[in-house]
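Chemist: Have a look; sequence and predicted model below, questions after that.
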Amino acid sequence: MKDIKISVKSQFRASHYHNGALDEPVHDHTFVYIATLKGPLNEEGFLVDFCEIEQFLYDLNKGLSFKVLNNLLFFI
């Protein structure tokens, strides 16, 4: 069976800073991203349960929103 792709655009607002050559203080941005999923359709004709993807992205955005990204362990 042929794979299909679906993409979902989302965003969150967060802060970061630069050290070294840029040496910028903490400032914020709206970070926009596109999550793309690829795979075969399941027996019901769907790639994924879209409600689960929406919940995952909601949780991801909630965890990143209004944080200083440099302070998050996985960002360092």
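Modeler: Here it is on my side, so go on. Numbers count the residues shown, from 1 in each chain.
Chemist: Poorly predicted segments of the protein, please.
Modeler: Where the chain drops to pLDDT under 70, the residues are 1, 73-76.
Chemist: at 50 what do you get?
Modeler: Within the chain, no stretch has pLDDT under 50.
Chemist: for it, what spans make up the strands?
Modeler: Under the criterion DSSP state E, strands of the chain are mapped to 4-18, 24-39.
Chemist: Please identify which of those is closest to L64.
Modeler: Between L64 and the strands of the chain, the tightest spacing by C-beta to C-beta is seen for strand 4-18, at 4.8 Å. Heads up, the C-betas are built off the backbone N, CA and C, glycines and all.
Chemist: OK, contacts around the residue nearest to Q11 when sequence neighbours are not counted?
Modeler: In this structure, Q11 finds its nearest non-sequential neighbour in V32, 4.5 Å apart by C-beta to C-beta, 6 or more residues apart in numbering. Residues near V32 by C-beta atoms under 8 Å, 6 or more residues apart in numbering: K9, S10, Q11.
Chemist: I'd like to know how far the residue nearest to L41 when sequence neighbours are not counted sits from I34.
Modeler: Of all residues not flanking L41 in the chain, L47 sits nearest, at 6.0 Å (C-beta to C-beta, 6+ apart). Look at L47 and I34: by C-beta to C-beta, to the nearest Å, they are 15 Å apart.
Chemist: what about the two, which has more around it?
Modeler: Shown here are L47 and I34; by other C-beta atoms under 10 Å, L47 has more neighbours (16 against 8).
Chemist: From what I see, that one and L37 are in contact.
Modeler: Yes - in this structure L47 lies within contact range of L37 using C-beta atoms under 8 Å: 6.1 Å.
Chemist: Touching both of these two, which residues are there?
Modeler: Common neighbours of L47 and L37 (criterion: C-beta under 8 Å, 6+ apart): I6.
Chemist: who wins for proximity to C51 among the strands of the chain?
Modeler: Shortest distance between C51 and these, using C-beta to C-beta, is found for strand 4-18: 12.1 Å.
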